[in-house]
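Chemist: Build me a structure from this.
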Amino acid sequence: MSATSPFGRVVTAMVTPMRADGTLDLDGAQRVAAHLVAHGHDGLVVSGTTGEAPTTSDAEKADLIRAVREAVEGRAVVTAGAGTNDTAHSVELARQAEAAGADAVLVVTPYYSKPPQEGILAHITTVADATGLPVMVYDIPGRTGVPIHTQTHLRLAEHPRIAAVKDAKGDLFAATEVMMQTDLLWFSGDDALNLAHLTNGATGVVSVVGHVAGDVYAEMVACVDKGDLGRALELHRQAVPAVRAVMNLTQGAIMAKAALKELGVLESAAVRLPLVEATPDQVARLRDGLTESGLM
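Modeler: Residues are numbered from 1 along each chain as shown. Here you go, the predicted structure:
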């Protein structure tokens, strides 16, 4: 499926495994990467929000890229998160990602500072100018505080290396307008809307629930491709309990790590403050959701 996208099509925003003492677990990262590739993925995002990028160092981010690349051995595209609310720092991260062997970069809207649209445009294009890698723009106003407007997407699309959007804005009509007028590849960034985005013309998904439902999402993408919307709907509904369990109980990175520990992929579900591990009640509800979706 990667032949149609420089980012892959069934992509998960990968957790960053950590040992119980909070140190980076590169062996665990390689196990997670191998697990994802074995379950339908042709792309991975490292050091995104789910990868706890705000609390990992630049050196750790580079080490993570190298470890994941080694684990997937060319079987999946590795996209590195390079987005911060500091343009100069994002440029450094993008260049570091390219040097470490990333295939692409993900650039989120600058968060907290809530820049105007001209600032968002300048930030993302400056990062795109810094390397030769394809860029996926991440539009997630629920976290950043500001959406990327349709006209800004149209202007971003003029850049030769800005190739895709990870859409967690939830505005399907706005997505339609941009896809109609540009060649940008569209990716669902919200697991609850994966099927809606795919049937709206999206290329693929960048998922969190994909940590446990990669095979389901790979089949869903394939079904939409061949027009089997009945089966795609069955898969969407099958995944609902897992989506609810991973995404609605608390922060997604917390539950994704808990799920991987339940499945025996990770030894530790440790996260770095200000995140905290899932409670026993949340883990029990997670287990119920995964079981109901047929994933445990």
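
Chemist: use CA for all of it now, contacts and neighbours both
Modeler: Noted.

Chemist: where do the helices sit along the stretch 1-150 of the chain?
Modeler: Counting by DSSP state H, counting those that start in this stretch, one finds helices in the stretch 1-150 of the chain at the ranges 26-38, 58-72, 87-100, 117-129, 141-144, 150-156.

Chemist: Show me the shaky parts of the protein.
Modeler: Counting by pLDDT under 70, the chain contains low-confidence ranges at 1-3.

Chemist: among the helices of the stretch 1-150 of the chain, which is nearest residue 225?
Modeler: Nearest to residue 225 among the helices of the stretch 1-150 of the chain is helix 26-38; the distance by CA to CA comes to 20.3 Å.

Chemist: Mind giving me the packing neighbours of that closest one?
Modeler: In terms of contacts (3 or more CA pairs under 8 Å, 6 or more residues apart in numbering; DSSP states H and E), helix 26-38 is packed against helix 58-72, helix 210-225.

Chemist: Now mean neighbour count and distance to residue 51 too, for those helices, in JSON lines please.
Modeler: Formatted as JSON lines, those follow (neighbours: other CA atoms under 10 Å; distance: least, CA to CA, whole Å):
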{"stretch": "helix 58-72", "mean neighbour count": "20", "distance to residue 51": "10"}
{"stretch": "helix 210-225", "mean neighbour count": "21", "distance to residue 51": "12"}
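
Chemist: Of those, which is nearest residue 150?
Modeler: Once the helices and strands packed on helix 26-38 are compared by CA to CA, helix 210-225 is nearest, at 25.4 Å.

Chemist: residues in contact with the following helix or strand past that closest one?
Modeler: Per DSSP states H and E, the first helix or strand lying C-terminal to helix 210-225 is helix 229-247. Here helix 229-247 makes contact (CA atoms under 8 Å, 6 or more residues apart in numbering) with 191-192, 194-195, 208-209, 213, 216-217, 219-221, 223-224, 252, 255-256, 259, 285-286, 289-290, 292-294.

Chemist: Just the CA coordinates for stretch 150-157, please, in CSV.
Modeler: C-alpha atoms of stretch 150-157 as CSV (Å, rounded to 0.1, in the frame of the first residue of the first chain):
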residue,chain,number,x,y,z
THR,A,150,-8.9,25.9,4.7
GLN,A,151,-7.2,28.8,2.9
THR,A,152,-4.0,28.1,4.9
HIS,A,153,-4.1,24.4,3.8
LEU,A,154,-4.5,25.5,0.2
ARG,A,155,-1.4,27.7,0.6
LEU,A,156,0.6,25.0,2.3
ALA,A,157,-0.2,22.6,-0.5
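
Chemist: List of residues touching that stretch?
Modeler: For stretch 150-157, using CA under 8 Å, 6+ apart, the contacting residues are 117-118, 121, 124-125, 162-163, 174, 177-178, 181-184.
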